[in-house]
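[1] Coordinates only, no sequence provided:
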């Protein structure tokens, strides 16, 4: 029979509030070795880089949507202005 692991890791520390709280407790109570702290720091740095990249992508998508919305709203206005000048 295959035993399942007792500890299930989230893809990111920030994805699990429980995991983050446990890590905070371990750090504050000095239960982590220097190697563990180095590994945790590297993981946090990597996750932060990933989150920044995702945020940049989302912001770019929002900018594109805003530009499309502004363009679609601007077209009727410009059409109205052109018709008004022609009259």
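    Received, thanks. None of the values given here were measured: they were computed from a predicted structure.

[2] The most centrally placed residue in the chain: what's it in contact with?
    When CA atoms, centre = their mean is applied to the chain, the residue found nearest the centroid is residue 51 (4.0 Å). Contact analysis of residue 51 by CB atoms under 8 Å, 6 or more residues apart in numbering lists 12, 14. Where you see a C-beta, it was placed from the backbone N, CA and C, and this is true even at glycine.

[3] any idea how far it is from residue 28?
    Noted for residue 51: a distance of 23 Å to residue 28, by CB to CB, to the nearest Å.

[4] ditto for residue 40
    Distance from residue 40 to residue 28, by CB to CB: 13 Å.

[5] For those two, work out which one has more neighbours and name it.
    residue 40 (15 against 9; other CB atoms under 10 Å).

[6] Now the more buried one: which helix or strand?
    Assigned by DSSP states H and E, residue 40 belongs to helix 34-86.

[7] Check residue 26 too.
    helix 17-28.

[8] Now do the buried residues in that helix.
    By neighbour count on 16 or more other CB atoms under 10 Å, the buried set for helix 17-28 is 19, 23.

[9] just the angle between the lowest-mean-pLDDT helix or strand in the chain and helix 17-28, please?
    In the chain, the helix or strand scored least confidently by mean pLDDT, DSSP states H and E is helix 34-86, which has a mean of 84. Taking axes from the mean of the first three to the mean of the last three CA atoms, to 10 degrees, one finds helix 34-86 and helix 17-28 inclined to each other by 130 degrees.

[10] Just checking the distance from helix 34-86 to the centre of its chain.
    12 Å (CA atoms, centre = their mean, to the nearest Å).

[11] Quick check: closest non-adjacent residue to residue 31.
    residue 25 (7.9 Å; CB to CB, 6 or more residues apart in numbering).
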